[in-house]
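1. Got a predicted structure plus its sequence, pasted below:
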Protein chains: 2
Amino acid sequence: MIKNQDILNIEIGVVGLGLMGSSIVVALLISGHPVKGIAPKKNDMKDALPRIIDQLKHAEACGLLERPIEAYLERLTLSEDYHHLKDCQLVQECVTEVEEIKGEVYQKIVAATGMNTIISSNTSAIPISILQKLVPNPSRFMGVHWAEPAYMTRFLEITKGEQTAEDGARWVLELAHFWDKEPTFLRKDIRGFVTNRLMYAVYREIFHLIENGETTVEDADKSFRYDAGSWMTFMGVFQRMDQLGLEDFAEAFGRIFPTLCNSDKVPLLMQRMVEAKARGIQNQRGLYSYTAGEAQEWERSFAAFNEDIYHLASAYSPTRKKKQFHE
Amino acid sequence: MIKNQDILNIEIGVVGLGLMGSSIVVALLISGHPVKGIAPKKNDMKDALPRIIDQLKHAEACGLLERPIEAYLERLTLSEDYHHLKDCQLVQECVTEVEEIKGEVYQKIVAATGMNTIISSNTSAIPISILQKLVPNPSRFMGVHWAEPAYMTRFLEITKGEQTAEDGARWVLELAHFWDKEPTFLRKDIRGFVTNRLMYAVYREIFHLIENGETTVEDADKSFRYDAGSWMTFMGVFQRMDQLGLEDFAEAFGRIFPTLCNSDKVPLLMQRMVEAKARGIQNQRGLYSYTAGEAQEWERSFAAFNEDIYHLASAYSPTRKKKQFHE
């Protein structure tokens, strides 16, 4: 069993220092780990430290730090040299979602670490069972999928591939509680992970309703925000059923399931978006339209919301651990 | 166009004073309307006033009132006598979801009001197109579906039946903004309303994943709470796609839709729940198990969360109106 004190001695590597990687570095530093951040790209190395400092300042402003920023930075090494990973018990990969690039990165990690080091990938696109074929010890390979910003979300999805050993996955699961997460544990490597799959079921139905003229983009969003949004942070889908009383559900399932959309096809509206090269907020053309100012204001506002919902979710979490910084 | 001042003179009736009906009464009182509450059942009449006072106290504690409770109560008439509905421009029905009972209630409302009075039903089970056949003027009949507690949720679903006239539905839609709602407007009377249908798509997929051993009830709930729950109150499904960047979605839809569950059948787990007479929180037997104390504590905790999420949702709403109590 991992003890609070152990965290201080469990070195963790993070390979890939983009936005996601940097925020994982920050999450691990806040938890007390010594962290080795490796930049596979020159640009990452240049941008990483200022970004990590910004994120630490943000975490401080949100009341997540118990010591001065310098105390966390002292435990961080940033480098392009993989040899710094030598003593890491866990190396988290978060580079581009391209199998060849990930494969090259794994070779360098393997060359620098021992056979017992666990390698985890942040992928949400490539099955773990495929990625783990790229390393010499696949039993020590798994998916550890973070949500951005990693230091201020409680989500973490741990996924076993076909060859992942149970003990290593359990160890990371235990460790994740020290990161103040509510980790979920996927025993099988399904396509699209749990929440993603559930959301795809929503996407399929919602595009169907819109194509049939039964609702609009704006109304569907409002309805989801103010209905589902009013309970989802507090409870999950099954708890919601328990709350509403289970009696009528079986009958409703029998009545409504046969009317749900079963299409395999990419919805027409989505095809049109692709043709129009709409990339959403990024180029201000999407399912909604935005001015540059609106897009910016919207992102600023979401960052503020993010902080509020993190604190709210934490306040109502049954398993929240009080974090301590140990010396 | 409705003006702030008009609200004070638009009388609204509420028929059915159970938990839902009472909280609709409170929502309308807070908005400034004179309200006539009609109790079709003797028990409702006995319990309604204390419950409404409790709910007003709750609203006061949450900072929703601008005047003393008495000022709101002065505008409320409670009775078993339908004749008090005489001057109401809108009568909201929220009685049991049984067509015959609703039909009897509509006859009494019609006998007491003019041909121009709009009758709205809170139903979420019976299609509006069917219910409106029970009244002599179906063009003035529609669905107005509230979420409980009605004075502290921003959700409201307005549904036209086949025969509902556009002007009346638009008038209620306008009115709803004075109730501090984010109303959605369903042009067609689809089975199961928007959010319900989207949630059924989630239910179908989530039971499928569990029956295949790909996740557990607990993990699926955690994943939805801490992933979807971290953005849903802020934005809807389409806004979320715009935020993530639309580019990869079309490709992912084509890949994942064919793997989603298309079953028409009531999931086995749900069938077992029905056989075991599990009614969730109500009898402490459901998809989770609870002690009586846990169930109570959980409901208390959700009531507190409800208040927090209402304020959070309001703070990030782009269209929030400042309420005023006018004399």
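-> Looks like it came in fine.
2. which helix is the longest one in chain A?
-> helix A:292-315 (DSSP state H).
3. what residues does that helix touch?
-> When contacts are defined by C-beta atoms under 8 Å, 6 or more residues apart in numbering or on different chains, helix A:292-315 is touched by residues A:62, A:149, A:152-154, A:180, A:233, A:281, A:284, A:290, A:320, B:225-226, B:229-231, B:233-235, B:243, B:305, B:308-309, B:312, B:315-316. The way it works is simple: take the backbone N, C-alpha and C, and place the C-beta from them, glycine included.
4. Which of the residues in that helix are classified as buried?
-> Of the residues in helix A:292-315, A:Ala295, A:Trp298, A:Phe302, A:Phe305, A:Asn306, A:Glu307, A:Asp308, A:Ile309, A:Tyr310, A:Leu312, A:Ala313 count as buried by neighbour count, 16 or more other C-beta atoms under 10 Å in any protein chain shown.
5. Same question for stretch A:103-112.
-> Counting neighbours by 16+ other C-beta under 10 Å, the buried set in stretch A:103-112 is A:Val105, A:Tyr106, A:Lys108, A:Ile109, A:Val110, A:Ala112.
6. what distance separates the longest helix of chain A from the centre of its chain?
-> Offset of helix A:292-315 from its chain centre (C-alpha atoms, centre = their mean, to the nearest Å): 17 Å.
7. quick one: it to helix B:292-315, angle?
-> 160 degrees (axes from the mean of the first three to the mean of the last three C-alpha atoms, to 10 degrees).
8. mind saving the C-alpha coords of helix A:292-315 as PDB?
-> Provided in PDB are the C-alpha atoms of helix A:292-315 (Å, rounded to 0.1, in the frame of the first residue of the first chain):
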ATOM      1  CA  ALA A 292     -12.900  36.600 -32.700                       C
ATOM      2  CA  GLY A 293     -13.800  38.600 -29.600                       C
ATOM      3  CA  GLU A 294     -16.700  36.300 -28.700                       C
ATOM      4  CA  ALA A 295     -14.500  33.300 -29.100                       C
ATOM      5  CA  GLN A 296     -11.900  34.800 -26.800                       C
ATOM      6  CA  GLU A 297     -14.400  35.900 -24.200                       C
ATOM      7  CA  TRP A 298     -16.000  32.500 -24.300                       C
ATOM      8  CA  GLU A 299     -12.700  30.700 -23.600                       C
ATOM      9  CA  ARG A 300     -11.900  33.100 -20.800                       C
ATOM     10  CA  SER A 301     -15.300  32.500 -19.300                       C
ATOM     11  CA  PHE A 302     -14.900  28.800 -19.500                       C
ATOM     12  CA  ALA A 303     -11.600  28.900 -17.700                       C
ATOM     13  CA  ALA A 304     -13.300  30.700 -14.900                       C
ATOM     14  CA  PHE A 305     -16.200  28.200 -14.900                       C
ATOM     15  CA  ASN A 306     -13.600  25.400 -14.900                       C
ATOM     16  CA  GLU A 307     -12.300  26.600 -11.600                       C
ATOM     17  CA  ASP A 308     -15.700  26.900 -10.100                       C
ATOM     18  CA  ILE A 309     -16.900  23.500 -11.200                       C
ATOM     19  CA  TYR A 310     -13.700  21.900 -10.000                       C
ATOM     20  CA  HIS A 311     -14.200  23.300  -6.500                       C
ATOM     21  CA  LEU A 312     -17.900  22.300  -6.600                       C
ATOM     22  CA  ALA A 313     -17.200  18.800  -7.700                       C
ATOM     23  CA  SER A 314     -14.500  18.400  -5.000                       C
ATOM     24  CA  ALA A 315     -16.900  19.700  -2.300                       C
END
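9. Give me the distance between A:Lys181 and B:Gly114.
-> Relative to B:Gly114, A:Lys181 is positioned 60 Å away (C-beta to C-beta, to the nearest Å).
10. Between these two, tell me which one has more neighbours.
-> Higher neighbour count among A:Lys181 and B:Gly114: A:Lys181, with 26 against 13, using other C-beta atoms under 10 Å in any protein chain shown.
11. tell me the contacts of the more buried one?
-> A:Arg154, A:Phe155, A:Leu156 are the contacts of A:Lys181 under C-beta under 8 Å, 6+ apart.
12. mind running it again at 10 Å?
-> A:Lys181 makes contacts with A:27, A:31, A:144, A:146-147, A:150, A:153-158, A:173, A:175, A:319, A:321, B:222, B:226, as judged by C-beta atoms under 10 Å, 6 or more residues apart in numbering or on different chains.
13. packing partners for the helix or strand containing A:Gly37?
-> If you go by DSSP states H and E, A:Gly37 is part of strand A:35-38. Packing partners of strand A:35-38 (3 or more C-beta pairs under 10 Å, 6 or more residues apart in numbering or on different chains; DSSP states H and E): strand A:12-15, helix A:19-31, helix A:42-61, strand A:76-79, strand A:90-93, helix A:99-112.
14. among the ones you listed, which is the most enclosed?
-> strand A:12-15 (a mean of 28; mean count of other C-beta atoms under 10 Å in any protein chain shown).
15. Pull up the pairing partners for it, direction included.
-> With DSSP bridges as the test, strand A:12-15 is paired with strand A:35-38 (parallel), strand A:90-93 (parallel).
16. Where do the domain boundaries of chain A fall?
-> Following automatic domain parsing, one finds the domains of chain A at A:4-186, A:194-315.
17. low-confidence ranges in the stretch 151-300 of chain A?
-> Within the stretch 151-300 of chain A, the ranges that satisfy pLDDT under 70 run A:191-192.
18. Could you pull out the helices in it for me?
-> A:166-178, A:194-211, A:217-226, A:237-244, A:247-256, A:268-275, A:292-315 (DSSP state H, counting those that start in this stretch).
19. The ones you listed: which one's closest to B:Leu268?
-> Nearest to B:Leu268 among those is helix A:247-256; the distance by C-beta to C-beta comes to 10.7 Å.
20. Report the buried residues of the closest one.
-> Neighbour-count burial for helix A:247-256, counted by 16+ other C-beta under 10 Å, picks out A:Glu247, A:Phe249, A:Ala250, A:Ala252, A:Phe253, A:Ile256.
21. hey, C-alpha coordinates of it in PDB?
-> Only the C-alpha atoms of helix A:247-256 are listed here, as PDB (Å, rounded to 0.1, in the frame of the first residue of the first chain):
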ATOM      1  CA  GLU A 247     -40.000   1.700 -11.600                       C
ATOM      2  CA  ASP A 248     -40.900   3.500 -14.800                       C
ATOM      3  CA  PHE A 249     -37.600   3.100 -16.600                       C
ATOM      4  CA  ALA A 250     -38.000  -0.500 -17.900                       C
ATOM      5  CA  GLU A 251     -41.300   0.400 -19.400                       C
ATOM      6  CA  ALA A 252     -39.900   3.600 -21.000                       C
ATOM      7  CA  PHE A 253     -36.800   1.700 -22.300                       C
ATOM      8  CA  GLY A 254     -39.100  -0.700 -24.100                       C
ATOM      9  CA  ARG A 255     -41.100   2.200 -25.600                       C
ATOM     10  CA  ILE A 256     -38.300   4.600 -26.500                       C
END
